[in-house]
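>>> What shape does this take:
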Amino acid sequence: MRSVRTRFVWPALAVSFCLVMLCAVAAISLFHQQSTIAATLRENVASRRAAADLRSTLNTLVALERHQVESVADLHGRAQTQLVEIQQLADHAIERDLSNRLNDGFAEYLRRWHSLPPLTDPDRQASIAAVTRFLEEYVLYPCREYEGFNDRRIEETIGQHERVLRQLAWGIAAVTFLGIVAGSVLGYGIARWLSRSIRRLQIQVRDAAGKLSPHPPEIVLTEEGDFHELQTQIDQLTTLIEDVVQTLQQREREVLRAEQLAAVGQLAAGVGHEIRNPLTSIKMLVQAALEDNSVLFADDLQVIEGEIRRVERLLQTFLDLSRPSKAERRPTDLNQLVQQVAGLMHGRAERQRITVEVDLPPDGLNVCVDAEQCRQVLVNVCLNAIDAMPTGGLLRLAARASDSGVRIEVSDTGCGVPEPLLPRLFEPFLSSKDTGLGLGLMISKRIVEAHGGTITVSNRRERGARVVITLPVS
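Residues are numbered from 1 along each chain as shown. Sure, this is the predicted structure:
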């Protein structure tokens, strides 16, 4: 895969990126030049239109004055407005020079017009003719020159625009040609690589199929690979894999069955071992009575009764383990439940000089659980903690609400759990006590998990062990 990226993908992406960048640069350049040309063209058109309007006004003014019409004050005002517009639009040095000449000439014309002799003066008509010639020579002719300059600038702008379009056309043609060449080269290279990859993949598929088969065939490829043949081979490989998976699943079921039988055997061995001890005690007492030809005394009968009760408890434990009772969940005050368990532990704790400490929230904790089963779990955990403190210590029960539900913590200051036993504490028949069955924690875990919770055991940093039970709040 890495060679594919190095040989084809990255070059293809690099060429594509370069072509995209070229197109982007060409588009941005065209847009910028088009914007500049359009702005220049708009300014030139506006300037020429203003010059044309002024020229029309001046022609009208000259025509009226030549026909001895002297009421031209409106035309004077219009011409002044048009001169102001021309000066505002003048952005070239020549335009500004012509605009200044127009303003100066028209200002001198107005001064001479307002200095004409009175109407009764016989020289008035000659003065009007002279003022008209001045207007025509120093204002109208520069206006035509200004208009011609804008015409030339418009033609230059149009020519520049045509050159830009030609350059852009050649640029797009070059980019297109480069794209065609690059695409052809990359396409040929990728096609060659795909053909070789298909051949290698066909070899790998046949090799994988041969490894799945008990009689691996000889791998021979004499033709160029194609997708149709590869698809057929992959379908065959898929069918073979399905057969192998079914065989493996069947074997897995057989192994699981064997493990279950082994567990049953282990359970039977544990039951036999645990029952043999009390039966041995009963047998020895009965044999002693038979050998001495005597009766059993009250002490012997008490021992026999105790051993029989021990066997009954053992059998009941196994019955509970094999046929777990269904949980009957009801709303329960967890504070009251923990207080009851602490009260049950109080008598034995006093005899072993153990202090029982309870830490519960004042507002109470309400959970929906089987109270009797949860009490069994707490009693079992607390008895294990008391057994770990034969010479006294501290037994602490605490409960708190957490993000995941309710957290119950039972900790002690005993000897703790041996590190090798920590990962296996919930296995059956695993116990560090001489008289223990190793089923209490297993049953407790089953009850907690049936309630949707978890139970964990760890050693405290200071001393002793800690059991943490979490129950969801429903």
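
>>> Distance check, L89 against L110.
L89 is 22 Å from L110, where distance means Cβ to Cβ, to the nearest Å. Where C-beta positions appear, they are placed from N, C-alpha and C, glycine not excepted.

>>> When the two are compared, which one has more neighbours?
Neighbour comparison, L89 and L110: the larger count goes to L89, with 20 against 15 (by other Cβ atoms under 10 Å).

>>> pretty sure that one is touching V45, no?
No: applying Cβ atoms under 8 Å as the test, L89 and V45 come out as separate, 9.9 Å apart.

>>> so where do the helices sit in the protein?
When secondary structure is read from DSSP state H, the chain shows helices at 2-4, 10-66, 73-89, 93-114, 124-135, 141-212, 227-291, 298-322, 334-351, 371-387, 440-450.

>>> among the helices and strands of the protein, which one scores worst on average pLDDT?
Lowest on mean pLDDT, DSSP states H and E among the helices and strands of the chain sits helix 2-4, with a mean of 50.

>>> my guess is V367 meets V406, correct?
Yes: counting by Cβ under 8 Å, a contact exists between V367 and V406, whose distance comes to 5.6 Å.

>>> Overlap in contacts, these two.
334, 471, 473 (Cβ atoms under 8 Å, 6 or more residues apart in numbering).

>>> of these, closest to M21?
V473 (60.3 Å; Cβ to Cβ).

>>> where's the closest one relative to Q339, distance?
19 Å.

>>> repeat for A63
Distance check for A63 against Q339: by Cβ to Cβ, it reads 120 Å.

>>> Which one's more surrounded, those two?
Q339 (14 against 11).

>>> what residues are up against the nearest residue to that one once chain neighbours are set aside?
With sequence-adjacent residues excluded and distances taken as Cβ to Cβ, 6 or more residues apart in numbering, Q339 is closest to V358, at 6.6 Å. By Cβ under 8 Å, 6+ apart, the contact set of V358 is 338-339, 342, 396-398.

>>> Can you say which two of these are spatially most distant?
Q339 and R396 (13.8 Å).

>>> Tell me the one of the contacts of V358 nearest L116?
Nearest member of those to L116, counting by Cβ to Cβ, is A398, at 116.9 Å.

>>> Looking at I408 now. What's its pLDDT?
Note on I408: pLDDT of 90.

>>> Next: G159.
83.

>>> again with the one 3 residues further on
Turning to E162, the model gives it a pLDDT of 81.

>>> ok, it - how many residues close by?
10.

>>> now it: how far from N150?
19 Å.

>>> Would you confirm that S402 contacts V468?
No: using Cβ under 8 Å, S402 is not in contact with V468; the gap is 10.3 Å.

>>> Which one's more surrounded, those two?
V468 (15 against 9).

>>> Okay, the more buried one and N459: tell me how far apart.
In terms of Cβ to Cβ, V468 sits 12 Å off from N459.

>>> And for P418?
On the measure of Cβ to Cβ, P418 and N459 end up 9 Å apart.

>>> The two: which is more packed in?
Of the pair P418 and N459, N459 is the one with more neighbours under other Cβ under 10 Å, namely 15 against 9.

>>> got the contact list for the closest residue in space to V406 that isn't next to it in sequence?
Nearest residue to V406, sequence neighbours excluded (Cβ to Cβ, 6+ apart): L471, at 4.8 Å. Contacts for L471 (Cβ under 8 Å, 6+ apart) come out as 367, 369, 374, 405-406, 408, 448, 451-453.

>>> Among those residues, name the buried ones.
Buried by 16 or more other Cβ atoms under 10 Å: 367, 369, 374, 405-406, 408, 448, 451, 453, out of these.

>>> Excluding chain neighbours, what is closest to T132?
Using Cβ to Cβ, 6+ apart, the closest residue to T132 is E65 (4.3 Å).

>>> so who does the nearest residue to G393 once chain neighbours are set aside touch?
Spatial nearest neighbour of G393, excluding adjacent residues (Cβ to Cβ, 6+ apart): T413 at 4.0 Å. T413 makes contacts with 389, 393-394, 462-464, as judged by Cβ under 8 Å, 6+ apart.

>>> Show me what counts as buried in the longest strand belonging to the chain.
Looking across the chain with DSSP state E, the single longest strand is strand 393-402. For strand 393-402, a neighbour-count test (16+ other Cβ under 10 Å) marks 393-399 as buried.

>>> Going by distance to G347, which of those wins?
The closest of the buried residues of strand 393-402, once distances to G347 are taken by Cβ to Cβ, is L395, at 12.9 Å.

>>> gap between V356 and A388?
For V356, the distance to A388 equals 14 Å [Cβ to Cβ].

>>> Then R66?
For R66, the distance to A388 - Cβ to Cβ - is 131 Å.

>>> With neighbour numbers in mind, choose between the two.
A388 (19 against 13).

>>> Surely that one touches P418?
No: at 11.3 Å, A388 and P418 do not qualify as touching, with contact defined as Cβ under 8 Å.

>>> got a list of what A349 touches?
So, once contact is read as Cβ under 8 Å, 6+ apart, A349 ends up touching 355-356, 386, 395.

>>> now those residues in JSON lines, with pLDDT?
Shown next, in JSON lines, are the contacts of A349 (pLDDT from 0 to 100):
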{"residue": "T355", "pLDDT": "91"}
{"residue": "V356", "pLDDT": "90"}
{"residue": "I386", "pLDDT": "90"}
{"residue": "L395", "pLDDT": "92"}
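
>>> For S71, see how far away the closest residue to E427 other than its chain neighbours is.
Closest residue to E427 apart from its sequence neighbours, by Cβ to Cβ, 6+ apart: M442 at 7.0 Å. Distance of M442 to S71, given as Cβ to Cβ: 123 Å.
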